[in-house]
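>>> dropping the sequence and predicted coords here.
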Amino acid sequence: MASESLAEAADTAGSPNYWLLKAEPDSRMVKGKDVKFSVDDFEAAKTSPWEGVRNYEARNLMKEMKRGEKALFYHSNCKAPGIAAFAEVAKEAYPDHTAWDSAHPYYDPKTKQADPKWFMVDLAFGARAKHFVPLALLRFIADAPAAAPPAGLEYLGADGVAAIKAGMDLVTRGRLSVQRVSAAAWGAVQLLADTGGWDALELAPKKKAAPKKAAAGAGAGRPARAAAAAKTKAKARKKKRGSDSEDEGDDDYDEEEEEEVISKTTSSRRKRKAEEYEELPTPTRRARAKT
DNA sequence: GCCAACGTTGGC
DNA sequence: GCCAACGTTGGC
């Protein structure tokens, strides 16, 4: 081949990480622009900048991405959410210029070119999932009490099931638009996408399944999710931060320090809040404006 | 610093 | 279209 492959590039720097990034395949207007970006769009574009991410945690993850690392391309906020394709990081994090474009759907008036706050990476389209891997399937596997794979998916093995249970945030952290995926989970998803075999499974309760919206307030609808969410929430509230505390927070937040100096009351408090969240927060829907 | 209200995400 | 989940704001 011409130059070294993307995969090789990633290998040279220790064990690679795996990622999952979301995009919206359906049209949706934001500030007069369509933010739709489907697998078809991605395939046609071949490479695409992942602009518009406006969430600290998602941004921090993007900053960790190395050229050549692999990513799952996920269809979000649509009829059939799930993994549609495989991709690779083609360009490492660089300032997201759309943040200071006032006409852009994800314009952030608080950021300045001199001190970029939001970043993006470029992703290169790899291949479509031979079999689209529905979120419902991953959830089905993750929520199943059994360690053995469901009928038809024996090829996954108990470890494949375990990997999906433990290595994917999709089920428990639905709102995060950029996620880390374990190497094992990546392998399991690839196996699923290559092999299929879940057509006979009853993955999700069809809409017709009784409307149990009855229960007032209580989490009647989705026990597993509710439980997981509660856990996440409790964790967040406890502020037990410090998982991976990149060097991140310091360098790119000088601007916040200015704010702090300028106003001591309200804005100071807000500043602290934002800083705290900076290393854990969650998502911003990820989509991109077509160009 | 805690917590309720609010706004957005995103599955269904 | 509905509504659960949860990040974020802002009152106290």
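Thanks, I have it. Numbering: from 1, shown residues only, chains lettered A, B, ... in the order given.
>>> what does the stretch 51-200 of chain A have sitting close to DNA strand B?
A:76, A:77, A:78, A:79, A:81, A:135, A:136, A:139, A:174, A:175, A:176, A:177 (CB under 7 Å from any atom of the strand). (Each C-beta comes from the backbone N, C-alpha and C, glycine too.)
>>> hmm, try it at 10 Å
Contacts of the stretch 51-200 of chain A with DNA strand B, taken as CB under 10 Å from any atom of the strand, map to A:52, A:54-55, A:58, A:74-82, A:105-106, A:134-140, A:143, A:170-171, A:173-179.
>>> narrow those residues to just the buried residues.
Buried members of those, scored by 16 or more other CB atoms under 10 Å, are A:52, A:54-55, A:58, A:74-76, A:81-82, A:105-106, A:134-140, A:170-171, A:174-179.
>>> buried residues in whichever strand or helix holds residue A:120?
Per DSSP states H and E: residue A:120 is located in strand A:119-134. Counting neighbours by 16+ other CB under 10 Å, one finds that the buried residues in strand A:119-134 are A:119-126, A:128-129, A:131-134.
>>> any idea of the mean pLDDT for whichever helix or strand comes after that strand?
Sequence order places helix A:135-143 as the next helix or strand after strand A:119-134, per DSSP H and E. The average pLDDT for helix A:135-143 rounds to 94.
>>> ok, stretch A:188-197 next?
Per-residue scores along stretch A:188-197 average to 98.
>>> repeat that for stretch A:62-72.
97.
>>> quick one: end-to-end length of it, please.
Length of stretch A:62-72, first residue to last, CA to CA, to the nearest Å: 13 Å.
>>> same question, stretch A:73-88
End to end - CA to CA - stretch A:73-88 spans 10 Å.
>>> of the buried ones among the residues of the stretch 51-200 of chain A next to DNA strand B, which belong to strands?
Per DSSP state E, strands hold the following members of these: A:74, A:75, A:82, A:134, A:178, A:179.
>>> make a markdown table out of the residues you listed and add distance to residue A:39.
Shown next, in a markdown table, are these (distance: CB to CB, whole Å):
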| residue | distance to residue A:39 |
| --- | --- |
| A:74 | 10 |
| A:75 | 7 |
| A:82 | 10 |
| A:134 | 14 |
| A:178 | 17 |
| A:179 | 18 |
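>>> low-confidence ranges in the stretch 51-200 of chain A?
Scanning the stretch 51-200 of chain A for pLDDT under 70 picks out nothing.
>>> which residues of it lie near DNA strand C?
A:54-58, A:77-79, A:110, A:171-176.
>>> tell me the bridge partners for the residue lying closest to residue A:72 once chain neighbours are set aside.
Among residues not flanking residue A:72 along the chain, residue A:20 sits closest, at 4.3 Å (CB to CB, 6 or more residues apart in numbering). Note on residue A:20: beta-bridge partners by DSSP bridges are residue A:72, residue A:179.
>>> measure residue A:20 to DNA strand C for me?
16 Å (CB to the nearest atom of the strand, to the nearest Å).
>>> give the contact list for that residue.
A:71, A:72, A:74, A:83, A:168, A:169, A:170, A:178, A:179, A:180, A:181 (CB atoms under 8 Å, 6 or more residues apart in numbering).
>>> if we go to 10 Å?
By CB atoms under 10 Å, 6 or more residues apart in numbering, residue A:20 lies in contact with A:61, A:70-74, A:83, A:87, A:168-170, A:176-181, A:185-186, A:189.
>>> could you turn the buried ones of these into a ChimeraX selection?
To isolate the buried subset of the contacts of residue A:20 in ChimeraX, counting by 16+ other CB under 10 Å, use the following:
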select /A:61,70,71,72,73,74,83,87,168,169,170,176,177,178,179,180,181,185,186,189
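>>> so where do the helices sit in the stretch 51-200 of chain A?
With DSSP state H, counting those that start in this stretch, the ranges of helices along the stretch 51-200 of chain A come out as A:56-64, A:135-143, A:157-167, A:183-195.
>>> just put these in CSV and tack on distance to residue A:28.
Below are those laid out as CSV (distance: least, CB to CB, whole Å):
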stretch, distance to residue A:28
helix A:56-64, 18
helix A:135-143, 18
helix A:157-167, 29
helix A:183-195, 26
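>>> so of those, which one's packed in deepest?
helix A:56-64 (a mean of 22; mean count of other CB atoms under 10 Å).
>>> what angle separates that one from strand A:119-134?
On the basis of axes from the mean of the first three to the mean of the last three CA atoms, to 10 degrees, helix A:56-64 is oriented at 100 degrees to strand A:119-134.
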